[in-house]
Each structure stands twice: as structure tokens, then as C-alpha cells.
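**Student:** Sequence plus the predicted model coming up.
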Amino acid sequence: MITEETKQTILKLQQQYPVKRSALIPALHIVQQEVGYLPVDVQEEVAELFGIPANEVNAIVTFYDLFYDKPVGKHHIHVCKNVSCMLRGSDEMLKKLCYKLQVEPGETTADGEFTLSAAECLGACDRAPMLLVDDQVFGPVHEKDLDEILAKGKMGPGHASPMGHSALMESAGGNHG
Amino acid sequence: MDEMRVLLAHIDTPNQTAIDTYIAGGGYKTAKNAIGKITPEQIVTCVTKSGLRGRGGAGFVTGKKWSFIPKNSEIAYLVCNCDESEPGTFKDRLLIEKDPHLLIEGMILASYAIGAKKAFIYCRGEYYEGMATLQRAVQEAKQKGMLGENIFGSSFSLDIVVHPGAGAYIAGEETAQLNSLEGFRATPRLKPPFPAISGLYGKPTIINNVETLCNVVHIVDRGAEWFQSIGTPQSSGTKIFQISGHIQNPGCYEFPMGISLRSLLDAAGGIPQGRTFKACYPGGSSSCILTEQDLDIAMAFETLEARKSALGTASVIVMDDSADMVKVSHRLMQFYQNESCGKCTPCREGTRWLVQILARIEAGKGTLYDLTMIDQICDQMSETSFCPLAVGAAFPIVSTLKEFRAEFEARIRCNPTYEEEPKMKISYPYLSKSV
């Protein structure tokens, strides 16, 4: 269920655009941060706010990599596996992380803390091999740093959203940052 | 050779993201002197004369693109393409995280030039810090009157919305970005009509890269002649080169266009000790591979084009002699398969087939026939796909296979039945090509 406050934020967000549907992706980011992921009933609620069929929201959720229609861990680790990081040892780093967390890429740890994903280029090749924990960039990552990174990641609020610092979110005063 | 920092001049200035610091360093002076003081046409002419070419990859002449906006359009939009996702590219991240007001000032000038009252920054969703910095910068600029109604006492008004993407490489293609910005899947649109005629919400729209827009500030400030005097005749100005992979000091380096690849690698500390240069992709992963023989090539649009490669985003991915070219090719193709939007069959299926073929070669289970298949699939993909994604996917693989065929063949010979042909032959009568 989406809170009333978030619904109001989304309605305000729609007014920033000449056509309100443009606010769909930002809105889904905000909702995902609140709910943790985007199950079908939440997608339906969003669709209602935009006056569009639910399947069109589903088309967006299933197309973009940063939207999840299944539950994910409290924290999300994205390990870059693209060439620049691969050349500097990202494969080994991913393997070590899998072992530490006892998961395969794409899975969530048993305690629900971390989801581990192998990601495409995250645009920080100068810090290869790099990874993202929620909204934090780490790199270059050495094997010995992994425990510290996981500990730091655990302390963060989790469920990052690129909308966290928009004027609307801050004026709403919600716990979104 | 020393760096020539124009765009990156202030990235090390403490607190540069704050508007007061930016103004203290001469920021917003150019916009203030231009908006309402000179005509939009004068800006378009100045940028055209400077020879500035788009920094997002395609290298189209920016001023010319702007001039396509129909005269007397009531509504026009500017979209800043900050969906930086090309493997090896990380210049826009640096610009928006370290000097966001430079981009905003560039957008004010560009919007004024094309008559846009509303502009968008489409920022890739994974750039959390960049998004936050941009959002704060836009708010600050609004509070200080740099954005909003009647900017600098003129009749010109501008509103900028920072818009997040959600993880899709294809959203960097300009028409796919417009679909994404309208709240749809990021799939490319048929051109023509080009966005300058019918773009966002069907209105005239200009899409420019972050680095392009940042350049506009310096061009309007220092003049077209100054900009033309830097770089090569057909690629004027400086360029932020990004060097990654097997290199001593990966990072962003700003040099005049036309610097040699060798000097560029030296500036980044060279190849790690004990290793030798093997190859590099000079313009992100979607450019043809260069080898040792190309070390003296000038890094500019025209020279790399003549070499049948591309300057692209000037993201040099360096590989030393330890790099496994089969693995690199396989890894890259997985990227394109993952990022293919699925709209057209050649790209959706072609990238998938290529991943399967490269996977079996890497696993030592390939056949020599697979190499013929790679060339043919790439050929068909490039010829028949809807947008440039598939062309970009084919370039690196075809060129890597051409330059390092021996490496592929050696891997294939691990397979005891490497000479075998597949039992079923596939024919493509409509392309009069048979396999």
C-alpha cells in the first residue's frame, strides 16, 4: 500500500511535467523506496494515480533494471562486471562476495539484508573494480575491504532512490533521504 | 604533455557545487552577459562557427542541430542527455558531481538559443550522487534567480527538471530517451521526423550531451575563434578523455582534440609495469578495436573515422598482453544482449545468438564455423537493425575477431571436433545469403 503522503508527492510531481505520465518513472522510484519493491497490487495503485492501465505500469517495471517486481534485500549490492572492471578483477570480487554472502548473483541473503546483483557498467571505471551498495560507490575494491564495505552498507538506510534529494521529497519532509 | 583543463578547470575547487563558489569563480557571468543582451540567433551562429561537435558519441555539429528547430515554434524543449551508460564512460558523472552549475549555465544558454522555456536533465538512475547534486544545484539556481521567470531581468524564462532514468543503456539513444521521458519503455523511434521537428510530446526538441552543453558556456564566453584554435580543423576544442582498464592511473584527462593515443596513455601513467599494450577500444565499447600499430593515431572524430573506428565518447578501454580477447568479446556481447530493448528482431535475436556462440568458444567448445557465423550475424545485425545499438554491438566484435583471429582459433582448437559444421544449414533467401 502506498501512503497518502507519497500519493500527494506523486500528484505534485506530475505537475512538473507538461504531460503527467512523464512522472511515472520518478514516481515508481519513490514508491519502490517506500515499499521495497513493486508488486502487482502496488503497480495497480500507481496506475490509478496516473489514470493508465496497470499493464502499462507493468511494462515499465519489467523493462528497467532498477525496478524490482519481486522482493529484494534491505540493501542492494550492484557489482560492475563490464569490461573495464573485469580487466581489473571484478569476476574474482564477485565470486568472493557470493561466497561471503552465500548467494548467487541475483539472489538475496537468508537474513534478507543483502541482494547481490551483477550489473553492467555503472560509470565509475576510474574506480574499477567497483560496486554500489544502495547509493554508495565503493572502489577500487580489494578483497580485504569487502567486510568493511558490507558493514558500512548494513548501517545505511537501504532502498536508495535517485529521487531522494528532489525539492518535492525534501519539502514533503518524509523519511526519503 | 600537460592537460588543458577548460571544462575540468574547477573540479578540484573546494565546494564548487555551491552556487556562491561557482559565481565567485566567474560563473553565470556568461549567461548574464548573453541573455537578453544578444539574440538567440547570435548564439546559434557562434556555436556553429566554433565547430563544436556533440560529445555524446555521434559527433554531430551542435549549432547545426540547433538550427533545425523550426523558426517561430511556440514550444520547444531542451533535453540534456546524462544517461551516461556506454561502457568505459564516466565524464558526465564527474561534471555533474563536481561542477553542476556549469551544466546549468550551458543549459540556460542553449535553451535561450533554441527558444525553450522548459528543459530536462535525463540522468541515469544509478548516478545517485550526481542526481542529488544536480537537484540541489537546480534549487539553488532557482532561489538565486538564475532559473525561473525573467532571468537576469530579460523576458526569457526557464525551468529545469532533473529526471531520473531507471537503468537502461538504450535510453541514451535520443529518441528512446524521449519515450522514457514521456513515461514509456525506452525504445527508439523511427527517424525522420527528427526530434528537432517532432520530439518530446511531439514538439521540437534538442537533445545534447552534458559535456556538449558545458562547452557552450566557454564558447559563448571566449568566442568561436578561440574554440576553433584548439584541436584539429574538424574536431575543435578540448575533450575529456576517460581512460580505464589496464592502465596505471585510470581517470578523466582533458586534452585538445587530436592528441595521439600514445600521449594519452602516457598521461595516464602508461601500461602497468611488466606488461605491454595489446589493444584498446578508443571510444567506448561500441567502437572498433585499435592495436599497437595505431598508437600514433590522433584522437579526433575524422582520424578515427578514417581508421573505421570512432571517437564516440572518447572512453579508452585499455587492454595489456594479459587480456583474453575471447572473454572480452563475450563479456561485451552479454552487455549488448542485456541492453537490447527487444523492439527489432535482428538486435534482439542477433545479440543472443552471438552470446551463445562466444560462450561456447570461450568454453573451448566452439568450431571454426562459429567464426563465420559471428561475421555473418554481425553483418546482418548492422544492416537490418532499427537503431544504432546493434551496429555498436557488431563493431567491437567484428574488429576484435579480425585483429585477434588467432586467439579465437587457438581457443576453438581445444575442441576435438573443431572442424565440424553444424548438421542443419540455415538459409536466408530474403537476403540472398546462405550459411
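**Tutor:** Structure's in. What do you need?

**Student:** got the residue ranges for the strands in chain A?
**Tutor:** Using DSSP state E, the strands assigned to chain A run over residues A:75-80, A:114-119, A:131-133, A:136-138.

**Student:** likewise the stretch 101-250 of chain B?
**Tutor:** Using DSSP state E, counting those that start in this stretch, the strands of the stretch 101-250 of chain B run over residues B:118-123, B:159-164, B:205-209, B:231-232, B:235-236, B:238-245.

**Student:** Just send these back as a markdown table, with distance to chain A too.
**Tutor:** All C-beta spots, glycine's among them, are computed from the backbone N, C-alpha and C. Written out in a markdown table, the entries for the strands of the stretch 101-250 of chain B read as follows (distance: least, Cβ to the nearest Cβ, whole Å):
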| stretch | distance to chain A |
| --- | --- |
| strand B:118-123 | 7 |
| strand B:159-164 | 4 |
| strand B:205-209 | 12 |
| strand B:231-232 | 23 |
| strand B:235-236 | 23 |
| strand B:238-245 | 4 |
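
**Student:** Find me the pLDDT at A:Leu131, would you?
**Tutor:** Turning to A:Leu131, the model gives it a pLDDT of 96.

**Student:** and it, what are its bridge partners?
**Tutor:** Residues in a beta bridge with A:Leu131, per DSSP bridges, are A:Val79, A:Phe138.

**Student:** what separates it from A:Met93, distance-wise?
**Tutor:** A:Leu131 is 7 Å from A:Met93, where distance means Cβ to Cβ, to the nearest Å.

**Student:** okay, those two: which has more neighbours?
**Tutor:** Each of A:Leu131 and A:Met93 has its neighbours counted (other Cβ atoms under 10 Å in any protein chain shown); A:Leu131 has more, 29 against 25.

**Student:** quick one, what contacts the more buried one?
**Tutor:** With contact taken as Cβ atoms under 8 Å, 6 or more residues apart in numbering or on different chains, A:Leu131 is in contact with A:77-80, A:93, A:97, A:137-139, A:141, A:149.

**Student:** what do you get if the cut-off is 6 Å, keeping everything else the same?
**Tutor:** Listed by Cβ atoms under 6 Å, 6 or more residues apart in numbering or on different chains, the contact partners of A:Leu131 are A:79, A:138, A:141.

**Student:** Please indicate which of the residues you listed are buried?
**Tutor:** A:79, A:138, A:141 (16 or more other Cβ atoms under 10 Å in any protein chain shown).

**Student:** hey, what's in contact with both of A:Leu131 and A:Met93?
**Tutor:** When contacts are counted by Cβ under 6 Å, 6+ apart, A:Leu131 and A:Met93 are jointly contacted by A:Val141.

**Student:** could I get the strands of the stretch 101-250 of chain B as JSON lines with distance to B:Ala300, mean pLDDT and mean neighbour count?
**Tutor:** Rendered in JSON lines, the data for the strands of the stretch 101-250 of chain B read as follows (distance: least, Cβ to Cβ, whole Å; pLDDT from 0 to 100; neighbours: other Cβ atoms under 10 Å in any protein chain shown):
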{"stretch": "strand B:118-123", "distance to B:Ala300": "27", "mean pLDDT": "98", "mean neighbour count": "25"}
{"stretch": "strand B:159-164", "distance to B:Ala300": "32", "mean pLDDT": "98", "mean neighbour count": "24"}
{"stretch": "strand B:205-209", "distance to B:Ala300": "17", "mean pLDDT": "98", "mean neighbour count": "26"}
{"stretch": "strand B:231-232", "distance to B:Ala300": "5", "mean pLDDT": "97", "mean neighbour count": "21"}
{"stretch": "strand B:235-236", "distance to B:Ala300": "4", "mean pLDDT": "98", "mean neighbour count": "24"}
{"stretch": "strand B:238-245", "distance to B:Ala300": "8", "mean pLDDT": "98", "mean neighbour count": "27"}
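
**Student:** Next, format these as a markdown table and append distance to B:Ile259.
**Tutor:** Listed next are those as a markdown table, based on distance: least, Cβ to Cβ, whole Å:
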| stretch | distance to B:Ile259 |
| --- | --- |
| strand B:118-123 | 29 |
| strand B:159-164 | 33 |
| strand B:205-209 | 20 |
| strand B:231-232 | 9 |
| strand B:235-236 | 11 |
| strand B:238-245 | 8 |
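
**Student:** one step back: just the contacts of A:Leu131 now: which is nearest B:Arg93?
**Tutor:** Within the contacts of A:Leu131, the smallest distance to B:Arg93 is 14.9 Å, found for A:Phe138 (Cβ to Cβ).

**Student:** I'd say that closest one and A:Ala151 touch.
**Tutor:** No - with contacts defined as Cβ atoms under 6 Å, A:Phe138 does not count as touching A:Ala151, sitting 11.9 Å away.

**Student:** Show me which residues of chain B sit near chain A.
**Tutor:** Taking Cβ under 6 Å from any Cβ of the partner chain as the contact definition, chain B meets chain A at B:84, B:87-88, B:90, B:93, B:125-126, B:128, B:131-132, B:135, B:139, B:161, B:164, B:166-168, B:181-183, B:185, B:201, B:244-246, B:250-251, B:317, B:328, B:331, B:335.

**Student:** Count the residues that sit near the nearest residue to B:Met299 once chain neighbours are set aside.
**Tutor:** Once its chain neighbours are removed from consideration, B:Met299 has its nearest residue in B:Ile259; the separation is 5.4 Å (Cβ to Cβ, 6 or more residues apart in numbering or on different chains). Neighbouring residues of B:Ile259 were enumerated by other Cβ under 10 Å; the total is 22.

**Student:** hang on, isn't B:Ile259 packed against B:Ile297?
**Tutor:** No - with contact taken as Cβ under 6 Å, B:Ile259 and B:Ile297 are classed as non-touching, separated by 10.1 Å.

**Student:** Any chance you could note which residues of chain A sit beside chain B?
**Tutor:** By the rule Cβ under 6 Å from any Cβ, the part of chain A lying against chain B is A:16, A:18-19, A:21-22, A:24-26, A:29, A:59, A:63-67, A:82-84, A:86-87, A:120-126, A:135, A:160, A:162, A:165-167.

**Student:** Now restrict these to buried residues only.
**Tutor:** A residue is treated as buried here by neighbour count (16+ other Cβ under 10 Å); on that basis the buried members of these are A:16, A:21-22, A:24-26, A:29, A:63-67, A:82-84, A:86-87, A:120-126, A:135, A:160, A:162, A:165-166.

**Student:** From A:Gly73, how far out is B:Lys91?
**Tutor:** 32 Å.

**Student:** which one of these two has more residues nearby?
**Tutor:** Of the pair B:Lys91 and A:Gly73, B:Lys91 is the one with more neighbours under other Cβ under 10 Å, namely 27 against 20.

**Student:** Which residue, other than its chain neighbours, is closest to the more buried one?
**Tutor:** Leaving out its chain neighbours, the residue that sits closest to B:Lys91 by Cβ to Cβ, 6+ apart is B:Ile240, at 4.2 Å.

**Student:** quick one, what contacts the one you found?
**Tutor:** In this structure, B:Ile240 makes contact with B:91, B:252, B:254, judged by Cβ under 6 Å, 6+ apart.
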